[in-house]
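1. task: produce atomic coordinates for the following.
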Amino acid sequence: MINEDAAKIRIERFDKNCRADFFELHSEKNGGGWCYCVAWWVDTWENWGQRTASENRRYREGLLDEGNYDGYLAYILDKPVGWCQVGPRDRLKKLVRQFDLKPDPDAWAITCFHIAPAYRRQRLASYMLKAVLDDLSNRGIKKVEAFPRHDNSAADDDLWTGPKKMYLKAGFKQLAINDKVTILILEL
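-> Next up is the predicted model:
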């Protein structure tokens, strides 16, 4: 359980020094086999399901080569066990377009969580969210948005944007709602 291991959890900003850890966490053995957290980076959802793990990994490697280290990793005893994608919201054109968001260079977005299967449903994502928000606040970020699905009872793999109730507990407020997603905002 995370409560027992909390002293052993370390949250790190993603950078070139933990690139191998990102790929280890996003491997098939950790339940993240094909996306590599590029879903919001690709131009469209059209044919998303037909993309291969190799295509997505190459896309992610290209993003990293360009300096797009866009998130945080969670470690327990130096093993990567969690990921949270976060960065300036408007960099993700598909996200902005899909939710008809007005450009806002000050808005940041939390768009993905990936927790290794052995650590799911143990509040690791909540622990990460708190650490991420604390770090963003310390960095002077004032506004963070999130895009969780309405259905908190969905399968773990379908909660990749994070469960709505986790964000609400952290103080996020509803900004807008559509048929599948609630757009939430937190002023830091």
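2. ok, now which ones touch the residue positioned nearest the centre of the chain?
-> The C-alpha lying nearest the average C-alpha coordinate of the chain belongs to residue 112 (Cα atoms, centre = their mean; 2.4 Å). Contact partners of residue 112, counting by Cβ atoms under 8 Å, 6 or more residues apart in numbering, are 37, 39, 40, 71, 83, 84, 85, 160, 161, 162. C-betas here are computed from N, CA, C, even on glycine.
3. filter those residues to the buried ones?
-> Among the contacts of residue 112, those classed as buried by neighbour count (16 or more other Cβ atoms under 10 Å) are 37, 39, 40, 71, 83, 84, 85, 160, 161, 162.
4. and the residues you listed, which is closest to residue 62?
-> residue 37 (13.1 Å; Cβ to Cβ).
5. look up the pLDDT of residue 56 for me, please.
-> Residue 56 carries a pLDDT score of 95 in this model.
6. just to check, it is in contact with residue 41?
-> No: contact criterion Cβ atoms under 8 Å: residue 56 and residue 41 do not qualify, at 9.4 Å.
7. now the buried ones among the contacts of residue 112 as TSV including secondary structure?
-> Shown next, in TSV, are the buried ones among the contacts of residue 112 (DSSP: H, G, I helix; E, B strand; the rest coil):
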residue	secondary structure
37	coil
39	coil
40	coil
71	strand
83	strand
84	strand
85	strand
160	coil
161	coil
162	coil
